[in-house]
Every structure is written in C-alpha cells, then in structure tokens.
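1. Sequence and predicted structure below; questions after.
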Amino acid sequence: MEQSAQGFAGTGTPKERGAGVPAQPRAAERERDVRGPAGDGRVPGAETGAVRGEHTHSEVPLPRPRPVVQRASVRGQILDALRTALVAGELTPGEVYSAPALGERFGVSATPVREAMQQLAVEGAVEVVPNRGFRVIVRGTRELAELAEVRALIEVPVMLRLARTVPGERWAELHPLAEATVRAAGSGCRATYAEADRAFHRAVLALSGNEQLVGIAEDLHRRAQWPLVGGPVTRGRADLVADAAEHMALLEALGAGDLDVVQALVREHFAGAG
C-alpha cells in the first residue's frame with residue numbers, strides 16, 4: 001500500500017507516522033549536523049563518505065567506464081579482415097607487417113590491429129618479430145598433409161557415428177548450407193568460399209552435440225585454408241567448385257547411412273583442401 005506524502009514528510013504524531021518511519025530532525029538539528037558538533041563543518045563519517053551512501057563533495061569522481069564492447073567489436077572486425085586477407089593471399093607468407101601500417105590500411109589505430117595479430121599468433125598464422133611487427137608463417141605442402149590427416153582422425157569417426165544415428169530429415173536441413181558453398185565457389189572468391197565451407201562443416205559436426213569437438217575441428221579447418229608458400233593462391237575456381245560438389249555428395253551419403261561412401265568422401269575432401 002502506498003505511503004502518504006505526509007507520512008514521509010515527518011508531520012503528525014509518531015503514532016500517525018508509524019513505527020517504521022523515523023522522525024525528521026528540526027532545522028537547528030539539521031544545521032548542527034551539517035556544521036558538525038564543533039561548528040567546524042566536519043561531520044563524523046564524512047571522511048569515508050556518507051553513512052547512508054549519499055554523495056559527498058569530498059569524493060573523487062570515478063572515471064567513466066571504457067567502451068569495452070565497442071573496443072572488442074573493432075578488434076573482432078579487424079581479426080575477421082586479417083583472416084580474410086590471409087585466405088585471399090593478400091598477406092604474403094614470409095613478409096613482415098607492422099601494426100601501424102595495417103591500421104592505416106583499415107582506417108583504425110594500431111592497438112586493435114596489434115591485438116588481432118596477437119590472436120593470429122596464437123592460432124599459428126603469424127609470428128611476432130620484435131620491434132618490427134608480425135611475420136606471416138611460411139607453410140608448405142607437408143603441413144597441409146598433416147592437417148588433413150589430423151582432421152580425418154577427428155572427423156571421420158564422428159561422421160560415421162552421425163550417419164548411423166541422425167535421421168535423414170536432419171541432413172536435409174543442411175542442404176541450404178551445402179548450396180551456399182556451391183554459390184560461393186562459383187564466385188571464384190577464395191575468402192567467400194572459405195567462410196561458407198567452414199559454416200557447412202561446423203553445422204555437420206554440431207549434430208554431435210560436442211562443442212569442444214566443433215571448436216577444435218574449426219581451428220584445424222581454418223589453418224588448412226591458409227595459402228601455401230609461393231605467393232599466389234593455388235586453388236582456382238574449378239577447384240572450389242569441385243570441392244563444393246563434394247558437400248552435396250556427402251550429405252546424400254550421410255542421409256542414406258552409406259558408411260563406406262561417407263568415409264571415402266571425407267578423406268578425399270580433406271586431402272584436397274587447401
């Protein structure tokens with residue numbers, strides 16, 4: 001029930017105010033409280049802030065919170081842009097790039113670029129060169145073959161299990177993602193295809209319900225998409241189209257529960273990735 005304004009103003013008898021509402025001090029008492037018992041303006045407890053949590057003039061103003069969300073958003077956008085540049089071959093293996101130079105290219109300060117490059121260093125895409133910047137890792141065919149082997153060891157058993165347990169209608173739901181890879185391959189843009197490719201594989205493995213597996217597999221997949229040493233991108237439009245066609249074939253085999261075809265397709269798919 002609402003308290004009356006009169007009750008909170010401190011008027012009326014104690015019985016009228018109610019036991020829970022203390023009587024308000026008179027004007028002289030309020031003045032003494034403000035000036036202090038000694039009349040010097042100091043009130044006990046004022047040095048540590050108002051007892052009731054009220055603002056005092058002696059408080060040091062707190063700084064405004066830093067725009068953490070915005071900062072993280074910029075860093076994330078730069079990280080995505082750098083990953084795209086890596087896949088597209090715009091960042092040459094063996095070359096050193098400084099954070100200020102890349103920041104100028106993207107129209108941002110060096111700080112979010114440096115933070116994004118540090119993340120790429122964790123992922124193994126670049127290495128730190130003291131006082132210079134970041135060198136793009138030189139990667140050869142042997143590393144690509146090793147990645148394909150590790151991906152097969154992880155994903156083949158999972159896909160075979162999914163082929164036995166996941167109903168056909170669930171696989172049919174992934175057809176739009178497979179078709180998206182076909183369209184991306186037709187564009188001939190390696191970076192666009194790489195993103196659609198990862199989205200398809202991520203959706204397939206997500207049916208396992210194992211988030212750790214999905215994360216590890218995507219990290220390996222991303223590494224397999226970096227260009228080989230030698231400068232230009234090695235996979236052309238025809239290679240991307242053939243790779244995307246394997247997605248459609250894989251979905252059909254998974255829906256049919258054809259384990260032999262699933263295993264053969266996945267191993268061949270990984271061997272041709274890169």
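-> Nice, thanks for sending it over.
2. going forward, measure contacts between C-alpha atoms and count neighbours the same way
-> Noted.
3. Within the helices and strands, which one has the residue minimising distance to the centre of the chain?
-> A centroid search over the chain (CA atoms, centre = their mean) returns Gly76, at 6.7 Å, as the residue closest to the centre. The secondary structure element spanning Gly76 is helix 68-87 (assigned by DSSP states H and E).
4. before we move on, back to that, check whether the residue nearest to the centre of the chain really touches Ala116, as I assumed.
-> Yes: with contact defined as CA atoms under 8 Å, Gly76 counts as touching Ala116 (7.3 Å).
5. need the strands for the stretch 151-274 of the chain, in chain order.
-> Under the criterion DSSP state E, counting those that start in this stretch, strands are not mapped anywhere in the stretch 151-274 of the chain.
6. So which residues of it form helices?
-> When assigned using DSSP state H, counting those that start in this stretch, the helices of the stretch 151-274 of the chain occupy the ranges 168-172, 175-187, 190-206, 211-224, 237-256, 259-272.
7. so what secondary structure elements neighbour the fourth one?
-> Contacts of helix 211-224 with other secondary structure elements, assessed using 3 or more CA pairs under 8 Å, 6 or more residues apart in numbering; DSSP states H and E, are made with helix 141-165, helix 190-206.
8. now, of these, which is deepest in the fold?
-> Most buried of the helices and strands packed on helix 211-224, by mean neighbour count (mean count of other CA atoms under 10 Å): helix 190-206, with a mean of 20.
9. That helix: how far from the chain's middle?
-> Distance, stretch centre to chain centre, for helix 190-206: 16 Å (CA atoms, centre = their mean, to the nearest Å).
10. Report the angle between that helix and helix 141-165.
-> In this structure, helix 190-206 runs at an angle of 40 degrees to helix 141-165, with axes from the mean of the first three to the mean of the last three CA atoms, to 10 degrees as the basis.
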